[in-house]
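Student: for reference, the sequence and a predicted model appear below.
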Amino acid sequence: MHFERRRAEYLISTDPALLDAAAVHAFLTRSYWAAGIPLQIVRKSLENCLAFGLYHEAASGARAQAGLARVITDRATFAYLGDVYVLEEHRGKGLSKWLMQCLREHPDLQGLRRWMLLTKDAHELYRQFGFTHPARPERIMEIVVPDIYTRGTSSRTTG
Ligand SMILES: CC(C)(COP(=O)(O)OP(=O)(O)OC[C@H]1O[C@@H](n2cnc3c(N)ncnc32)[C@H](O)[C@@H]1OP(=O)(O)O)[C@@H](O)C(=O)NCCC(=O)NCCS
């Protein structure tokens, strides 16, 4: 059974069959963190995570992807939260807070030793759900390739 919650005309579900990868790609490719991401990478990333889809359900019954939160996790010790968004026309209604509430409630995400995320400016959103600045940032290391989705095109033009 997939996790599912409803509120007015919105649905949050972890059912992978509901995800609209093309719609997710359309947002992510214009996001500040994944600009230029190819559709096939979005598809693969959705297949290999616990994705919380946010959907708008019209009175006609038509369902449309309105947002997302992706949890990358072993479902035992650790979870990384990424690709959180709500489409512009659905913002300001508490939907990202509802997404956060749902993923904090999910039975497979209980008792984890650590959650992590990166954000440019939404710290106050995540702070409301228990996230804090790392107590020991000197212990955190990373490998980052910020131009991974764009360097192929630029090297082709130069080479
Ligand atoms: C951030 C985002 C998901 C918020 O979605 P939303 O559904 O409009 O947000 P909500 O209505 O649930 O409210 C968000 C809460 O977080 C707060 N907040 C903190 N930083 C915020 C930010 N950068 N943008 C929006 N809200 C922010 C709001 O003030 C609000 O809290 P309040 O109700 O206590 O005042 C949405 O603006 C978005 O998709 N932005 C573009 C993508 C993005 O930046 N994602 C986060 C990447 S880490």
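Tutor: Nice, thanks for sending it over. Residues are numbered from 1 along each chain as shown.
Student: so which bits of this structure are right by the ligand?
Tutor: 84-86, 91-97, 119, 121-122, 124-125 (CB under 6 Å from any ligand atom). (Each C-beta comes from the backbone N, C-alpha and C, glycine too.)
Student: give me the buried entries from these.
Tutor: The neighbour count (16 or more other CB atoms under 10 Å) marks Val84, Tyr85, Val86, Leu95, Ser96 as buried among those.
Student: which residue ranges of this structure form strands?
Tutor: Per DSSP state E, the chain carries strands over the ranges 4-7, 10-13, 50-57, 63-73, 78-86, 114-117.
Student: mean pLDDT and distance to Pro134 for these - can I get that in TSV?
Tutor: TSV is the format used below for the strands of the chain (pLDDT from 0 to 100; distance: least, CB to CB, whole Å):
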stretch	mean pLDDT	distance to Pro134
strand 4-7	98	30
strand 10-13	98	28
strand 50-57	98	23
strand 63-73	98	18
strand 78-86	98	13
strand 114-117	98	8
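Student: distance to Arg151 for those - can I get that in JSON lines?
Tutor: Below are those laid out as JSON lines (distance: least, CB to CB, whole Å):
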{"stretch": "strand 4-7", "distance to Arg151": "40"}
{"stretch": "strand 10-13", "distance to Arg151": "35"}
{"stretch": "strand 50-57", "distance to Arg151": "27"}
{"stretch": "strand 63-73", "distance to Arg151": "23"}
{"stretch": "strand 78-86", "distance to Arg151": "21"}
{"stretch": "strand 114-117", "distance to Arg151": "25"}
